[in-house]
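> Here's my sequence, what's the structure:
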Amino acid sequence: MGFSRARAALPSKVRPPSGLDPRRWPLWSLTRPVLCYLFVVEIAAVATLGVTATLTPITPRALAWCGLLLVAELAHLEAARGIERIRELGADGSPHMHLQSIWIFAALLLLPPPLVAVVIAVSYAHSWVRVYRRRSVLHRKVFSAATVVLACAAAGGVLYSGTSGHFAPYPPLIDGFGGMITLLLAGIVYFAVNYAMVVLMIIATNPANPGRRALGNLSDVLVIGGAVGLGCGIALVMTVRPWLLPVMMLTPLALQLGLLLPQLQAASRTDSKTGLVDVSFWHEVGQRELVRARRLTSTVGVLIVDLDHFKRINDRYGHLAGDEVLRATATAIRDQVRSHDFVGRYGGEEFAVLLPGAGGKETLAVAERIRAGIAAVTVEVPDIGAASMSTVSGLSASIGAAVYPDNAEELTDLLMAADTGLYAAKNSGRDRVVLG
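The predicted model follows:
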C-alpha cells in the first residue's frame, strides 16, 4: 500500500549501512519485539504468496496486462520521484500516503497473486533504488512490501466472496450495486490491514512520539481512497480499452503534484527542528488574534519560554543531543496548552506561546504548567566519547508573560513586555515565571 513508506514505517535509531557483513546490518539494532514483529509480518507474506500461487492460472492475457501495468507504473513513479522524495522526507515518523496503490490495486483486480506480487516488488524496488538513491535500508522496504502483500490478500478474499467464488480478473464479474459494495469493502480492507500494521510498527519504533502522530493526518486517508478508485478505473480501462491507458496516466501525476502543495505550505511555516510554527507565521497569527481581541473586547496572553543553561547541554552532549532536547521541550509545551493556543519557536532555545482569550491569572497558570512540564522532561541522548546512552533530565525554564491589553496593545510591545519579564525571571534565579 502506498503509505507504508519504509522510513515512516521503521524510523529506527540505527547505524548507517556498513557493507555486506550481515552481522553489521542495521536490521539487528532493532529491539527484539520489533524484530519479531517484522519477521512475523514477512513470514506471513511469504506464506500467503505460497498458498495463493496456484489459485489462478497465469495466462498470456494476464502476462500482457502485467507488462502494461509495470510499464505504466514505472513511468508514473519515475516521473514523480522528485516530488515523492520531498514528500517522504517530510513524513518521517508518520504514515506516508502515496499513489503506488493505484497500480497495486489495479493489479489486484486484474492479475493472479504471483503477478500482483511482481507489481508490488517492482514498486518498492523502484522506491528503494530511485527515490532514496540507495540510501534507504533494505529491510524497511521489505517490511513495507510485505504489509502490502497481506493487505492485497485480505482484499482479494473480499473480492472472491463478492463474486461468488471467482478469481481475477474481477472487472467483468463486478456489476451493479452489489459490485459497488464489494469494491468498496475490498478497498476498505486493503487500507485497514496495511494501515494497522504500519501504525503498529511506527508506535513500536517511536515510543517517545505521541501516538496521534503515528496515525497521520485524517485528510491523507483520502489519498488512499483516491488511489484505490483510480486503480479501479485503470483496471476497467485495461479490460475494455487498453490503448486509453496513457491518458489515464496523466491523472496520477496531477494528483501527485496536488499532494505536494499542502506539504510545501506547511513546510514554509514550520520550524524543521521542533515541528512548531516558525516566528514569522507566529507573528502573523498573533496579529490576527489581537485584531479579534479588540473587536470582541477580549484578552490575549503571550509567553516567552527560555530553557535555562541550554548551552551546557550542547557543550556536554553535542548539538544533535541539544536538538533532541528542543524537540522534547516543544512537545512538553504543546501538552500543557489548550488546543486553540499557538506555540512557536522564537529562536535558539526560546519558544513563544499565544493564548487567545487568556487573562493575567490564566496566562500565569498556563506558564506554571509549562514550567512543570519542562521540569518533567527526560531525553535519552548518545554520550559523547562513549558507546552508551545518557539521560538528560532536570531541565528548567524561565518564562516571561504579558497580557493584552493590560501590559500592551500591540504585538511588538507585548513581546517586549514578556521579554522584560523573562529577563527579570533569569536575573532573580531562573526557573520561574514573571509577568512583564
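
> And the strands in the stretch 1-150 of the chain, which stretches?
In the stretch 1-150 of the chain, no segments count as strands under DSSP state E, counting those that start in this stretch.

> low-scoring stretches of it, by residue?
Flagging of the stretch 1-150 of the chain using pLDDT under 70 yields the residue ranges 1-26, 29, 82-98, 132-137.

> Let me see the backbone angles for residue 345.
phi -90, psi 120 (degrees, to the nearest 10).

> That one against residue 276, yeah?
Yes. Judged on C-beta atoms under 8 Å, residue 345 makes contact with residue 276 at a distance of 4.7 Å. Backbone N, C-alpha and C define where each C-beta goes, glycine included.

> so what's in contact with these two at the same time?
Contact criterion C-beta atoms under 8 Å, 6 or more residues apart in numbering; residues shared by residue 345 and residue 276: 330, 351.

> Strands along the stretch 301-436 of the chain, start to end?
Under DSSP E, counting those that start in this stretch, the stretch 301-436 of the chain gives strands at 342-347, 350-356, 379-382, 389-392, 397-404, 433-435.

> I'd like those laid out as JSON lines, including distance to residue 197 and mean pLDDT.
Shown next, in JSON lines, are these (distance: least, C-beta to C-beta, whole Å; pLDDT from 0 to 100):
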{"stretch": "strand 342-347", "distance to residue 197": "32", "mean pLDDT": "88"}
{"stretch": "strand 350-356", "distance to residue 197": "36", "mean pLDDT": "94"}
{"stretch": "strand 379-382", "distance to residue 197": "26", "mean pLDDT": "84"}
{"stretch": "strand 389-392", "distance to residue 197": "29", "mean pLDDT": "84"}
{"stretch": "strand 397-404", "distance to residue 197": "39", "mean pLDDT": "95"}
{"stretch": "strand 433-435", "distance to residue 197": "45", "mean pLDDT": "93"}
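
> Tabulate these (JSON lines), appending distance to residue 335.
Formatted as JSON lines, those follow (distance: least, C-beta to C-beta, whole Å):
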{"stretch": "strand 342-347", "distance to residue 335": "10"}
{"stretch": "strand 350-356", "distance to residue 335": "12"}
{"stretch": "strand 379-382", "distance to residue 335": "15"}
{"stretch": "strand 389-392", "distance to residue 335": "18"}
{"stretch": "strand 397-404", "distance to residue 335": "14"}
{"stretch": "strand 433-435", "distance to residue 335": "17"}
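
> what's the most buried one of those?
Across those, the average number of neighbours (mean count of other C-beta atoms under 10 Å) peaks for strand 397-404, which reaches a mean of 27.

> Direction included, what does that one pair up with?
Here strand 397-404 is paired, per DSSP bridges, with strand 300-307 (antiparallel), strand 433-435 (parallel).

> what's the burial count for the residue lying closest to residue 242 once chain neighbours are set aside?
Using C-beta to C-beta, 6 or more residues apart in numbering and skipping residues adjacent in sequence, the residue nearest residue 242 is residue 68, 6.4 Å away. Using other C-beta atoms under 10 Å, residue 68 is surrounded by 16 other residues.

> show me what contacts residue 68?
Counted by C-beta under 8 Å, 6+ apart, residue 68 has contacts 238, 242, 245.

> do residue 290 as well
Contacts of residue 290 (C-beta under 8 Å, 6+ apart): 300, 404, 409-411, 414.

> tell me which residues in the host helix or strand of it are buried?
In the assignment (DSSP states H and E), residue 290 maps to helix 279-296. Neighbour counts using 16 or more other C-beta atoms under 10 Å place 279, 281-283, 285-286, 289-290, 293 of helix 279-296 among the buried residues.

> try stretch 427-436
Buried, per 16+ other C-beta under 10 Å, within stretch 427-436: 431-436.

> out of the residues you listed, who's nearest residue 54?
residue 431 (69.6 Å; C-beta to C-beta).

> tell me the contacts of that closest one?
By C-beta under 8 Å, 6+ apart, the contact list for residue 431 reads 308, 371, 375, 396-398.

> Can you name every helix or strand that the helix or strand hosting residue 245 contacts?
In this structure, residue 245 sits in helix 245-248 according to DSSP H and E. When contacts are defined as 3 or more C-beta pairs under 8 Å, 6 or more residues apart in numbering; DSSP states H and E, helix 245-248 packs onto helix 221-240.

> list the helices and strands the helix it packs on packs on?
With contacts taken as 3+ C-beta pairs under 8 Å, 6+ apart, helix 221-240 sits against helix 60-79, helix 101-110, helix 176-205, helix 245-248, helix 250-267.

> now the ones you listed as CSV including distance to residue 224?
Shown next, in CSV, are the helices and strands packed on helix 221-240 (distance: least, C-beta to C-beta, whole Å):
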stretch, distance to residue 224
helix 60-79, 16
helix 101-110, 6
helix 176-205, 5
helix 245-248, 18
helix 250-267, 11
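
> Compare these and give me the one nearest residue 316.
Once the helices and strands packed on helix 221-240 are compared by C-beta to C-beta, helix 176-205 is nearest, at 27.0 Å.

> The closest one vs helix 101-110, what angle?
On the basis of axes from the mean of the first three to the mean of the last three C-alpha atoms, to 10 degrees, helix 176-205 is oriented at 130 degrees to helix 101-110.

> Distance from helix 176-205 to the middle of the chain?
Put simply, helix 176-205 sits 18 Å off its chain's centre (C-alpha atoms, centre = their mean, to the nearest Å).

> tell me the most buried of the strands paired with strand 397-404?
Scoring the strands paired with strand 397-404 by mean count of other C-beta under 10 Å, the most buried comes out as strand 300-307, with a mean of 26.
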